[in-house]
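Asks: Starting from these lines, generate the structure:
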Amino acid sequence: MIQLKDLSKSYDHPVLKSVSFSFPDQGIIALKGPSGSGKTTLLRILAGLEKPDGGSVSGLAGKKISVAFQEGRLLPFMTLLDNLLLVRDKAEEDREEAIKLLRFFRLEHAADQKPGTLSGGEKCRAALARSLYYGGDVFLWDEPTRELDADNRTLVREAMDRLKSKALFIVSTHDPDLETDGELTL
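Replies: Next up is the predicted model:
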């Protein structure tokens, strides 16, 4: 179980103020709240990319964490398939798994394209595919449905549903239709 205890973080102003919460080991937990409420900051703290000003995070030791950033962060000089393969060994069976994920996210047609040729929704789905391909015990997804139509939002939910009995998804979202197992409102 991942536990936050009195977690605080400020920049020019307080973003997180004494946040305490216990995340289960599996399932889908939504981080909700208005823009600027600290959802992305909390994900960055959980990923180890930011240090809290106060409080503590426990329960992450030994867990493999996979992140899908809001911006996607695909490498522009590599093909979509190579962006996935980069995070693991390039064994043939790994390549097949990466292609299956691209097919699942309706991106197989773009496997040999560079990210600059993709739409915003395609880039978003590619970043999620890369996160799943990397694998993990904890998936930190920042606004995973923000640029997706209803059909593609369904794909995201289906991907999480397939793994939620084995992993924890902590998802920041403004999507009122995203069904989760619980939520933390910031």
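Asks: Just the buried residues of stretch 59-79, please?
Replies: Residues of stretch 59-79 classed as buried: Leu60, Ile65, Ser66, Val67, Ala68, Phe69, Gln70, Gly72, Leu74, Thr79 (neighbour count, 16 or more other C-beta atoms under 10 Å). For glycine as for every other residue, the C-beta is placed from the backbone atoms N, C-alpha and C.
Asks: Distance check, Thr145 against Lys164.
Replies: Remark: distance between Thr145 and Lys164 (C-beta to C-beta, to the nearest Å) = 16 Å.
Asks: Could you check which of those two is surrounded by more residues?
Replies: Thr145 (24 against 18; other C-beta atoms under 10 Å).
Asks: Let me know whether the more buried one touches Thr154 as I believe.
Replies: No. Thr145 lies out of contact with Thr154 (C-beta atoms under 8 Å); the separation is 9.5 Å.
Asks: Report the contact partners of Leu7.
Replies: Leu16, Ser18, Val19, Ser20, Leu42, Ile45, Pro52, Gly54, Gly55, Ser56, Val57 (C-beta atoms under 8 Å, 6 or more residues apart in numbering).
Asks: With adjacent residues omitted, what lies nearest to it?
Replies: Using C-beta to C-beta, 6 or more residues apart in numbering and skipping residues adjacent in sequence, the residue nearest Leu7 is Gly55, 3.8 Å away.
Asks: The one you found: neighbouring residues, count only.
Replies: 17.
Asks: how far does stretch 178-186 sit from the chain's center?
Replies: Per C-alpha atoms, centre = their mean, to the nearest Å, the displacement of stretch 178-186 from the mean C-alpha position of its chain is 14 Å.
Asks: and the end-to-end length of that stretch?
Replies: End-to-end span of stretch 178-186 (C-alpha to C-alpha, to the nearest Å): 17 Å.
Asks: Quick one: the strands in the protein, in order.
Replies: 2-10, 14-23, 27-32, 54-58, 65-68, 138-142, 168-172, 182-185 (DSSP state E).
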